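sequence plus the predicted model coming up.
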Amino acid sequence: MSENNYQPPKVWVWNQQDGGNWSKINRPIAGPTHDKVLPIGKHPLQLYSLGTPNGQKVTILLEELLALGVTEAEYDAHLIRIGEGDQFSSGFVEVNPNSKIPALFDHSATPPIRVFESGAILLYLAEKFGHFLPKEIAARTETLNWLFWLQGSAPYLGGGFGHFYNYAPFKIEYAINRFTMEAKRQLDVLDRQLANHRFIAGDEYSIADIAIWPWYGSLAQGGLYDAAEFLDLKSYKHFQRWAEEVANRPAVKRGRKVNRTFGDPADQLHERHDASDFDLRTEDKRQSK
């Protein structure tokens, strides 16, 4: 149905075929569709995720913690294939009733602590291990300001701009213009902030950078929606400088690979259970066997 002749009905009825590329994974009800127990690996931290921007936030933070020598941050990352409905299993719904990745079980506690929503996981891990979240009240608050800015802003970039620009079954000029305007406003917010600060919340790298980079930094690197030219991202000089610096961090490079199922096979590590997996189990190596 085109954008010009649609009129909303008095009562909306779900037509699964209207969802375009996402019709098989979105539905208007919650709860499990099938019984399946989640796998549990050898480490206390059990992550169930996919290498989307929201999933990358958590794996980047975990790799950053491990790079600091925090051995307690070792983790198992289990692949949740949302295109196949893994997020609707009874086991996944137990850890996240909202059926969205990422989700975490911390088995170092009894009973295990469940953490869902990517921002909540970042905050939980930063507090648990005492890194990437300042302790001084003003710096901590500024970091949390930007963490929550991301949680409120990214849906406009992903579910708004990204959906209508890249995924919708047909192009709707009004929707693309509306969300492009908002995406560019957000980029200007970041560019202005980064004009006076090395990192998002100040001079120290924090969970604010870790939260924001997989969405906006990846966009700047051309890895999201193939929209760098359309959004004129080269014009945001301070933002580009920050995006490149964060992208070059070794832990960011590793974290981006975890639970990734698209792109260069060398950059895909479908599941991560040990640090050696980056050398031994990326898809290019698996496919060559």
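Everything's here; your move. Numbering: from 1, shown residues only.

how close does the residue lying closest to Tyr156 once chain neighbours are set aside get to Asn248?
Leaving out its chain neighbours, the residue that sits closest to Tyr156 by CB to CB, 6 or more residues apart in numbering is Glu182, at 4.8 Å. Where you see a C-beta, it was placed from the backbone N, CA and C, and this is true even at glycine. Separation of Glu182 from Asn248 (CB to CB, to the nearest Å) stands at 29 Å.

what about those two, which has more around it?
Legend: neighbour count by other CB atoms under 10 Å for Glu182 and Asn248, higher for Glu182 (15 against 9).

state the pLDDT value of that one.
You'll see Glu182 listed with a pLDDT of 98.

residues contacting it?
Under the criterion of CB atoms under 8 Å, 6 or more residues apart in numbering, the contact list for Glu182 reads 156, 160-161.

which one of the residues you listed sits closest to Ile200?
Tyr156 (17.6 Å; CB to CB).

got phi/psi on the closest one?
Backbone geometry at Tyr156, expressed as degrees, to the nearest 10, gives phi -70, psi -30.

which of the contacts of Glu182 has the most neighbours?
Most neighbours among these, by other CB under 10 Å: Phe161, with 27 neighbours.

so the residue nearest to it when sequence neighbours are not counted versus Asn166, what's the distance?
In this structure, Phe161 finds its nearest non-sequential neighbour in Phe179, 3.9 Å apart by CB to CB, 6+ apart. Separation of Phe179 from Asn166 (CB to CB): 11 Å.

show me which of these two is the more surrounded one.
Here Phe179 and Asn166 are compared on neighbour count by other CB under 10 Å; more neighbours surround Phe179, at 20 against 14.

domain ranges for this protein?
Residue ranges of the domains in the chain are recorded as 45-129, 137-256, according to the TED database.

most tightly surrounded among those domains?
Between these, domain 45-129 has the highest mean count of neighbours, a mean of 20, where neighbours are mean count of other CB atoms under 10 Å.

can you give me every residue that contacts Leu269?
Going by CB under 8 Å, 6+ apart, the list of residues near Leu269 reads 257-260, 277-278, 281-283.

across the sheet, point out what pairs with it.
Val258 (DSSP bridges).

quickly note the distance from it to Leu104.
Taken as CB to CB, the spacing of Leu269 relative to Leu104 amounts to 18 Å.

likewise for Lys289?
31 Å.

likewise for Phe164?
When distance is defined by CB to CB, Phe164 is 31 Å away from Leu104.

for stretch 233-245, C-alpha coordinates in PDB please.
Coordinates of the C-alpha atoms in stretch 233-245 are reproduced here as PDB (Å, rounded to 0.1, in the frame of the first residue of the first chain):
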ATOM      1  CA  LEU A 233      29.000  12.700   7.800                       C
ATOM      2  CA  LYS A 234      32.400  14.100   6.700                       C
ATOM      3  CA  SER A 235      31.100  17.500   7.700                       C
ATOM      4  CA  TYR A 236      31.000  16.600  11.400                       C
ATOM      5  CA  LYS A 237      34.800  17.000  11.900                       C
ATOM      6  CA  HIS A 238      35.000  16.500  15.700                       C
ATOM      7  CA  PHE A 239      32.600  13.600  15.600                       C
ATOM      8  CA  GLN A 240      34.700  12.000  12.900                       C
ATOM      9  CA  ARG A 241      37.900  12.400  14.900                       C
ATOM     10  CA  TRP A 242      36.300  10.700  17.900                       C
ATOM     11  CA  ALA A 243      34.700   7.900  15.800                       C
ATOM     12  CA  GLU A 244      38.100   7.000  14.300                       C
ATOM     13  CA  GLU A 245      39.900   7.100  17.700                       C
END
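
take whichever helix in the chain runs longest, keep the C-alpha atoms, and write them as PDB.
Of all the segments of type helix in the chain, defined by DSSP state H, the longest one is helix 173-194. Extracted in PDB, the C-alpha atoms of helix 173-194 (Å, rounded to 0.1, in the frame of the first residue of the first chain):
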ATOM      1  CA  GLU A 173       9.700  10.600   1.400                       C
ATOM      2  CA  TYR A 174       8.100  12.100   4.500                       C
ATOM      3  CA  ALA A 175       9.400   9.400   6.800                       C
ATOM      4  CA  ILE A 176      12.900   9.600   5.400                       C
ATOM      5  CA  ASN A 177      13.000  13.400   5.600                       C
ATOM      6  CA  ARG A 178      11.600  13.400   9.200                       C
ATOM      7  CA  PHE A 179      14.100  10.900  10.600                       C
ATOM      8  CA  THR A 180      17.000  12.200   8.500                       C
ATOM      9  CA  MET A 181      16.400  15.600  10.100                       C
ATOM     10  CA  GLU A 182      16.500  14.000  13.600                       C
ATOM     11  CA  ALA A 183      19.600  11.900  12.800                       C
ATOM     12  CA  LYS A 184      21.500  15.000  11.700                       C
ATOM     13  CA  ARG A 185      20.400  17.000  14.700                       C
ATOM     14  CA  GLN A 186      21.800  14.200  16.900                       C
ATOM     15  CA  LEU A 187      25.000  14.200  15.000                       C
ATOM     16  CA  ASP A 188      25.300  17.900  15.500                       C
ATOM     17  CA  VAL A 189      24.700  17.400  19.300                       C
ATOM     18  CA  LEU A 190      27.700  15.000  19.300                       C
ATOM     19  CA  ASP A 191      29.900  17.100  17.100                       C
ATOM     20  CA  ARG A 192      29.400  20.100  19.400                       C
ATOM     21  CA  GLN A 193      30.100  18.100  22.500                       C
ATOM     22  CA  LEU A 194      33.200  16.600  21.000                       C
END
